[in-house]
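> with the input below, show me the fold.
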Amino acid sequence: MKITPRDIDRFVSSPGAEAILIYGPDCGRVMMLGERLSRPEKDVDVATMTMAEALADPARLFDAAADQGLFASRTTVRVREASDKLTKLLKELIDSSGTFNRLIVEAGDLKASGSLRKFFESSSKAAAIACYQPETADLERLARGRLVEAGKKLHPDAARFLAERLPRDSLGAEREIEKILLYLGERAECTYDDVTQLIGDGAEAEMDEPVLAAADGNAMEADRLVRKTVASGIAPIALLRTAQYHFKRLAVVRAAMDEGDRLDAAMKKLRPPVFFKVQNRFKAQVGRWSMAQIERAMGKLTEAERLSKMTEHDPEGIVRHVLFEISWRGDKRNP
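Residues are numbered from 1 along each chain as shown. Okay, the predicted model is just below:
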């Protein structure tokens, strides 16, 4: 059974299967859903193991799936770091058992043609949940929803800023939102100044700096910062989306100037406005890039995102290559 994105929350609240595969590039959400499904109530034992451990000792997996528990009302089996190598063993367990404890299988990004996905999506005893990295609109809904639950309002400019600056990982985004709620205390509204103060600096350092260096035409610095940012835990695809967003904003300003607007007036069209710490760099980049160059850069970034979603490619290598190439084109010394 394949669970559609709009049905995930309903399914997790009342699962229609006891064998559930949770997979996808949003590792934070995979982990959060795994936790929720593993402990539907407090009185539950959880037997956790990795795929390597299950393959090395299949009896441990089968025993945990059949265990009734001495002190808890039920047991959940949670298998992490799964891949297609586990399909045969799980198929044997699920198809041969009349009843078994809830089985949660967590994996990274899996091909649609892979055996593990295909088995869980087609089995009448199992279900598959895909966790894709949240888009900008998803992050804005998440931020608004969490603040509304806390009885607070989110200013529209603050919402747009958060949607672009929150980590492209559900767990990381949730943590940032929790930080905002703690900061607000008893205040009823979250403003643009609040979120730039709390998230702006971190976002500049971790997400924007490689992109800004590329748009500056500084290829070596862009490459260094990509490696540093990815090493800190930021997903490579998040850097690509940050770059796409930055060049879209350059395009808005460049187009307005090509139609006769002065630079400052053109920049006022941007919502949210350019972070004050990088306004001078942004202005210099608008002067550096023509509309044709910006469009070519955006095309390269779109293609890089497509390639990064293919499991046979190295996402970090793709990001390093495309930002290096864009940097080289952004260097005024190069034609």
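> in the stretch 51-200 of the chain, which spans are strands?
Using DSSP state E, counting those that start in this stretch, the strands of the stretch 51-200 of the chain run over residues 74-82, 102-107, 126-130, 153-154, 189-190.
> comparing the ones you listed, which comes out most buried?
strand 102-107 (a mean of 24; mean count of other Cβ atoms under 10 Å). All C-beta spots, glycine's among them, are computed from the backbone N, C-alpha and C.
> which phi and psi values does Ala235 adopt?
Per-residue torsions, Ala235: phi -70, psi 140 (degrees, to the nearest 10).
> give me every residue that touches it.
Neighbouring residues of Ala235 by Cβ atoms under 8 Å, 6 or more residues apart in numbering: Pro25, Gln133, Arg168, Asp169, Pro315.
> now do it against Ala112, distance only.
Shown here: Ala235 relative to Ala112, a distance of 20 Å by Cβ to Cβ, to the nearest Å.
> in helices, which of the contacts of Ala235 appear?
Pro315 (DSSP state H).
> and of the contacts of Ala235, the nearest to Asn218?
Pro315 (22.0 Å; Cβ to Cβ).
> my read: the closest one touches Pro236, true?
Yes. Look at Pro315 against Pro236 with Cβ atoms under 8 Å: they come within range, at 3.8 Å.
> who has more neighbours, the two?
Higher neighbour count among Pro315 and Pro236: Pro315, with 22 against 19, using other Cβ atoms under 10 Å.
> what's the separation between Ser232 and Arg175?
From Ser232 to Arg175 the distance is 14 Å (Cβ to Cβ).
> closest to Arg141 out of the strands of the stretch 51-200 of the chain?
Of all the strands of the stretch 51-200 of the chain, strand 153-154 comes closest under Cβ to Cβ, at 10.8 Å.
> now Lys300: closest residue in space that isn't a chain neighbour?
Take Lys300 and drop its neighbours on the chain: the residue closest to it by Cβ to Cβ, 6 or more residues apart in numbering is Val322, 5.4 Å away.
> now do the same contact list for the one you found.
Per Cβ under 8 Å, 6+ apart, neighbours of Val322: Leu240, Ala243, Lys300, Leu301, Glu303, Ala304.
> again, 10 Å this time
By Cβ atoms under 10 Å, 6 or more residues apart in numbering, Val322 lies in contact with 214, 226, 239-240, 243, 297, 300-305, 307-308.
> need the buried ones from those selected in ChimeraX.
The buried subset of these, as determined by 16 or more other Cβ atoms under 10 Å, is captured in ChimeraX by this line:
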select :214,226,239,240,243,297,300,301,304,305,307,308
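> tell me which of the contacts of Val322 is nearest to Ala126?
Among these, and counting by Cβ to Cβ, the member closest to Ala126 is Ser308, at 28.9 Å.
> Ile199 versus Asp26, what's the distance?
The value you get for Asp26 to Ile199, if Cβ to Cβ is used, is 19 Å.
> looking at those two, which is more packed in?
Asp26 (25 against 21).
> next, the contact list for the residue nearest to that one when sequence neighbours are not counted, please.
Excluding the flanking residues, the one nearest Asp26 by Cβ to Cβ, 6+ apart is Cys131, at 4.2 Å. Contacts for Cys131 (Cβ under 10 Å, 6+ apart) come out as 5, 8, 22-34, 106-109, 169-170.
> narrow the residues you listed to those that are buried.
8, 22-34, 106-107, 109, 169-170.
> buried set for the lengthiest helix in the chain?
Assignment by DSSP H gives helix 236-258 as the longest helix of the chain. Within helix 236-258, the residues that count as buried by 16+ other Cβ under 10 Å are 236-247, 249-254, 256-257.
> buried residues in the helix or strand just after it, which are they?
Later in the chain than helix 236-258, the nearest helix or strand by DSSP states H and E is helix 263-267. Residues Ala266, Met267 are the ones in helix 263-267 that count as buried (16+ other Cβ under 10 Å).
> residues in contact with helix 263-267?
Contacts for helix 263-267 (Cβ under 10 Å, 6+ apart): 249, 252-261, 273-274, 279, 282-283, 286-287.
> okay, stretch 276-293 in PDB with CA atoms only?
Coordinates of each C-alpha in stretch 276-293 appear next as PDB, following Å, rounded to 0.1, in the frame of the first residue of the first chain:
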ATOM      1  CA  PHE A 276      21.000  44.100   5.500                       C
ATOM      2  CA  LYS A 277      24.400  42.400   6.100                       C
ATOM      3  CA  VAL A 278      24.600  41.300   2.400                       C
ATOM      4  CA  GLN A 279      23.000  44.300   0.700                       C
ATOM      5  CA  ASN A 280      26.300  45.700  -0.700                       C
ATOM      6  CA  ARG A 281      27.300  42.300  -2.000                       C
ATOM      7  CA  PHE A 282      23.900  41.800  -3.600                       C
ATOM      8  CA  LYS A 283      24.100  45.200  -5.300                       C
ATOM      9  CA  ALA A 284      27.500  44.300  -6.700                       C
ATOM     10  CA  GLN A 285      26.200  41.000  -8.000                       C
ATOM     11  CA  VAL A 286      23.300  42.700  -9.800                       C
ATOM     12  CA  GLY A 287      25.900  44.800 -11.600                       C
ATOM     13  CA  ARG A 288      28.000  41.800 -12.400                       C
ATOM     14  CA  TRP A 289      25.300  39.600 -13.900                       C
ATOM     15  CA  SER A 290      23.300  40.200 -17.100                       C
ATOM     16  CA  MET A 291      19.800  38.700 -17.400                       C
ATOM     17  CA  ALA A 292      21.100  36.300 -20.000                       C
ATOM     18  CA  GLN A 293      23.900  35.100 -17.600                       C
END
